[in-house]
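# kindly return the folded structure for what I paste below:
(chains A and B)
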Amino acid sequence: MHILLAEDDPSISVIAKLSLERLGGHTVHVVSDGEKALQQALTNSFDLILLDEMMPKMNGLKVCQAYKTQTSTPKPVIFLSAKSQDSDIKEFQSHGTGFIPKPFDPMQLESMIQEVLKNMTSKTA
Amino acid sequence: MNSIRLRLLVMLTVLLGITGGLGYESYRTFNRVKDMRRSLDISYLLRENAWQSHTLSAKSTQLKQIEKLRSRVTEPQRLLELSNLIQAANSGNPRLLSARQKTFIKNEAEFQRYTRKQLSYMEQRLLYFGSLVFLTLCFGFIGLQLVLHRSVIRPLDQLSRKMVDFLHDRYTYQFSVPSNDEIGQMQATFNSLAQRVLANVEQLRTLDQAKSEFLSIASHELRTPLTSIKGSLSLMRSGIVGKMNEMAENLLGIAETETDRLIRLINDILDLAKIEARKLPLHQEWSSLNELVSTSIQSLNGFAQQAGVRLEMDATAPIETYMDRDRIQQVITNLMSNAIKFSPESGVVTVRCSIDDKNRILIEVKDQGPGIAPEDQEAIFQKFRQASSDRNPLVKGTGLGLAIARALVEQHGGEIGLSSQPGNGSIFHFSMPEWRYSRNLKNEAHV
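Model (predicted):
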């Protein structure tokens, strides 16, 4: 898969990129703020978008809303966030495809993504 | 008049003066009435005697007798002759016979008439003074009641109502203008007291907020770098970045274990802080206790096998307790993992549920470990206090597990404790007050 990863913490983005490329065999493009994420998501074709919730310039939820209104064929969006209250999780799930809580174990990241995608297909089916 | 004390003092003095004066007057009148009545009776008695004696000698004997009588008796007496003239009068009735009156009242009949007239006047006077005293007392009593009610009872009631309101966090404590007397001073004192309390509450609230903010910032700031460290370490150990020599791999293992411990410690500190600040809401519901215990045992099976310890469950009748499942499982797991850590090779850890003498559910975790010295039994429930384990030096706890367990059990309304003798193992136990027999026996059966 071709994945867009929007994450402002360089350490986490390096770890996530490494994990996804080496363990999952994907290609990963990393951006570090909300505006760049939206621009990349609209111009290049990705199979999956991973959005950090707290980013400079534009937060994850706003990027997701803007992306969905400006494209005709939206790809799955998964939020990464340390917010773990029920109300927050519900909001993530209503806007995007799913939610992965932070901190995540890089060894488990691939399987968590597969789980979210599986849930999505079972919901639409 | 501002002071209640002064007001009451003046009222009481006036009342006392009036009743005292009137009382004294009526006492005097009463005495005079008594004197007159007595003098009338006695004169009659003496006259009877006087009538009986006709001869001079008899009369003189009688006179002697009367002299004798007079010397012994202080009663008012008059010596009467046949003629009804007053011959002598003793000291018993000096007021009745002033020098001037003596010259006029020669005749006993006249005296009697005069005295009776006086008597009826005096009796009227007595009645008049008596009723005056009674009325004064009545009005004084009513007046005193009114004053007490208006300036003491009512303000006190008001004040106590406001105090109760204040106690229940309804801040109606402000009085318009406290009156300038004792009660008013009390109101003013209470006002400033209430203001100070409110200021303190406000300050505490600010501090509490600052603490919560600090905790959430600290937790985020501490967790973020730790997550990156942990992530990097596990990626390196997984070998996807290249093969490493054995020494490097060992060192990486240590780094990862210690990072895990650090993360656990931070999570525990934050948990405890939240529980102590009552910020950790319990999601309580009725659920099966046996099921919870067996889940806890299953989750610890791997760890127990590593340590060569057998886990046993001594189940009771199907019971449900009102609890936050996750939190009580955390308590049971903590007690059991402690028990496993301190168990000898091929030891047994038993979990037992029963009903104690206070009709609470009692959950006991029993081990065959070295036991805990009496002086350490209270200390181990405190933060960062732990006994050392010789057998499992690598399984390091955070020293917060029992403190968290105690806070959680207490939040459920229960108690936690232990009984242990050095050399004979330990039993950790906690109680839960809210329980019932399970209604759904089928569910219970297949667990």
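# flag the shaky bits of the chain, pLDDT-wise.
All of this refers to chain A. Judged by pLDDT under 70, chain A has its weakly predicted residues at A:84, A:123-125.
# wait, chain B
In chain B, residues with pLDDT under 70: B:1-2, B:41-111, B:171-178, B:278-279, B:385-397, B:440-447.
# the residue of chain B at minimum distance from chain A - how many residues pack around it?
Nearest residue of chain B to chain A (CB to the nearest CB) works out as B:T227 at 3.3 Å. Quick note: C-beta positions are derived from backbone N, CA and C, even for glycine. Neighbours of B:T227 under the rule other CB atoms under 10 Å in any protein chain shown: 22.
# can you check A:G34 too?
A:G34 has 24 neighbouring residues, counting by other CB under 10 Å.
# before we move on, what SS does B:R436 have?
strand (DSSP: H, G, I helix; E, B strand; the rest coil).
# er, B:V351 I mean
Under three-state DSSP, the three-state class of B:V351 is strand.
# number of nearby residues for it?
For B:V351, the count of nearby residues is 22 (other CB under 10 Å).
# just B:L300 next, same as before
Around B:L300 there are 20 residues (other CB under 10 Å).
# now for the helix or strand harbouring it, which elements pack on it?
According to DSSP states H and E, B:L300 maps onto helix B:289-307. Packing partners of helix B:289-307 (3 or more CB pairs under 8 Å, 6 or more residues apart in numbering or on different chains; DSSP states H and E): strand B:310-314, strand B:319-323, helix B:325-341, strand B:348-355, strand B:361-366.
# wait, what's in contact with B:Q118?
For B:Q118, the contacting residues are B:M36, by CB atoms under 8 Å, 6 or more residues apart in numbering or on different chains.
# er, A:I3 actually
A:I3 makes contact with A:L20, A:H26, A:T27, A:V28, A:H29, A:F46, A:D47, A:L48, A:I49, A:L50, according to CB under 8 Å, 6+ apart.
# roughly how far apart are the second one and A:V63?
Counting by CB to CB, to the nearest Å, the separation of A:H26 from A:V63 is 20 Å.
# so between those two, which is more surrounded?
Counted by other CB under 10 Å, A:H26 and A:V63 do not tie: A:V63 has more neighbours, with 29 against 18.
# just checking, the more buried one touches A:A37?
Yes - if you go by CB atoms under 8 Å, A:V63 and A:A37 touch, sitting 5.2 Å apart.
# residues from chain A in reach of chain B?
Along chain A, the residues adjacent to chain B under the rule CB under 8 Å from any CB of the partner chain are A:9, A:11-12, A:15, A:18-19, A:22-23, A:82, A:102-107.
# please, which helix or strand holds the residue of chain B closest to chain A?
Using DSSP H and E, B:T227 sits within helix B:182-238.
# check which helices and strands that helix is in contact with.
On a contact count with 3+ CB pairs under 8 Å, 6+ apart, helix B:182-238 meets helix A:10-18, helix A:106-124, helix B:4-52, helix B:154-167, helix B:246-276.
# now, of those, which is deepest in the fold?
helix A:10-18 (a mean of 19; mean count of other CB atoms under 10 Å in any protein chain shown).
# would you map the strands across chain A?
Counting by DSSP state E, residue ranges of the strands within chain A are A:2-6, A:27-31, A:48-52, A:77-81, A:98-101.
# out of those, flag the one nearest B:V309.
Shortest distance between B:V309 and the strands of chain A, using CB to CB, is found for strand A:98-101: 33.0 Å.
# who does the closest one touch, helix- and strand-wise?
Judged by 3+ CB pairs under 8 Å, 6+ apart, the packing partners of strand A:98-101 are strand A:77-81, helix A:86-95, helix A:106-124.
# can you list contacts of the shortest one?
Under the contact criterion CB under 8 Å, 6+ apart, strand A:77-81 has outside partners A:7, A:48-54, A:60-61, A:64, A:67-68, A:88, A:92, A:95-102, A:104, A:113, A:116.
# and the residue nearest the centre of chain A?
Chain A has A:L50 as the residue nearest its centroid, 1.4 Å off, counting by CA atoms, centre = their mean.
# who does it form a beta bridge with?
Counting by DSSP bridges, A:L50 forms beta bridges with A:L5, A:I78.
# residues of chain B that sit close to chain A?
Those residues of chain B that sit near chain A, judged by CB under 8 Å from any CB, are B:220, B:223-228, B:230-232, B:234-235, B:238, B:240-241.
# most neighbours among these, which one is it?
Counting by other CB under 10 Å, top hit in the residues of chain B next to chain A: B:G231 with 24 neighbours.
# check whether that residue really touches A:Q108, as I assumed.
No - under the criterion of CB under 8 Å, B:G231 is not in contact with A:Q108, lying 10.4 Å apart.
# just checking, the residue nearest to the centre of chain A touches A:A6?
Yes - using CB under 8 Å, A:L50 makes contact with A:A6 at a distance of 6.8 Å.
# show me what contacts the residue in chain A positioned nearest to chain B?
Chain B sits closest to A:P103 of chain A, with a gap of 3.3 Å, by CB to the nearest CB. Contacts for A:P103 were tallied using CB under 8 Å, 6+ apart; they are A:A82, B:R223, B:T224, B:L226, B:T227, B:K230, B:G231.
# so B:M247 versus B:R261, what's the distance?
Note on B:M247: its distance to B:R261, by CB to CB, is 22 Å.
# let me fix that: B:G143
According to CB to CB, B:G143 and B:R261 sit 81 Å apart.
# before we move on, what about B:R5?
71 Å.
# next: B:S419.
From B:S419 to B:R261 the distance is 30 Å (CB to CB).
# likewise A:M1?
36 Å.
# just B:Q185 next, same as before
B:Q185 sits 62 Å away from B:R261, going by CB to CB.
# list the buried residues for stretch B:336-348?
B:M336, B:S337, B:N338, B:A339, B:I340, B:K341, B:F342, B:S343, B:G347, B:V348 (16 or more other CB atoms under 10 Å in any protein chain shown).
# what is the end-to-end distance of it?
Taking CA to CA, to the nearest Å, stretch B:336-348 runs 11 Å from one end to the other.
# now the helices for the stretch 51-200 of chain B?
For the stretch 51-200 of chain B, the helices defined by DSSP state H, counting those that start in this stretch occupy B:56-72, B:99-104, B:108-148, B:154-167, B:182-238.
# and A:P56, what does it touch?
A:D8, A:S32, A:D33, A:G34.
# now those: which count as buried?
Buried members of the contacts of A:P56, scored by 16+ other CB under 10 Å, are A:D8, A:S32, A:D33, A:G34.
# including distance to B:V33, could the contacts of A:P103 go into TSV?
TSV is the format used below for the contacts of A:P103 (distance: CB to CB, whole Å):
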residue	distance to B:V33
A:A82	104
B:R223	104
B:T224	107
B:L226	108
B:T227	110
B:K230	112
B:G231	116
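# of those, closest to B:L362?
Nearest to B:L362 among these: B:R223, at 37.2 Å, using CB to CB.
# can I get the helices of the stretch 51-200 of chain B in JSON lines including distance to B:L289?
As requested, the helices of the stretch 51-200 of chain B are exported to JSON lines (distance: least, CB to CB, whole Å):
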{"stretch": "helix B:56-72", "distance to B:L289": "103"}
{"stretch": "helix B:99-104", "distance to B:L289": "109"}
{"stretch": "helix B:108-148", "distance to B:L289": "62"}
{"stretch": "helix B:154-167", "distance to B:L289": "39"}
{"stretch": "helix B:182-238", "distance to B:L289": "32"}
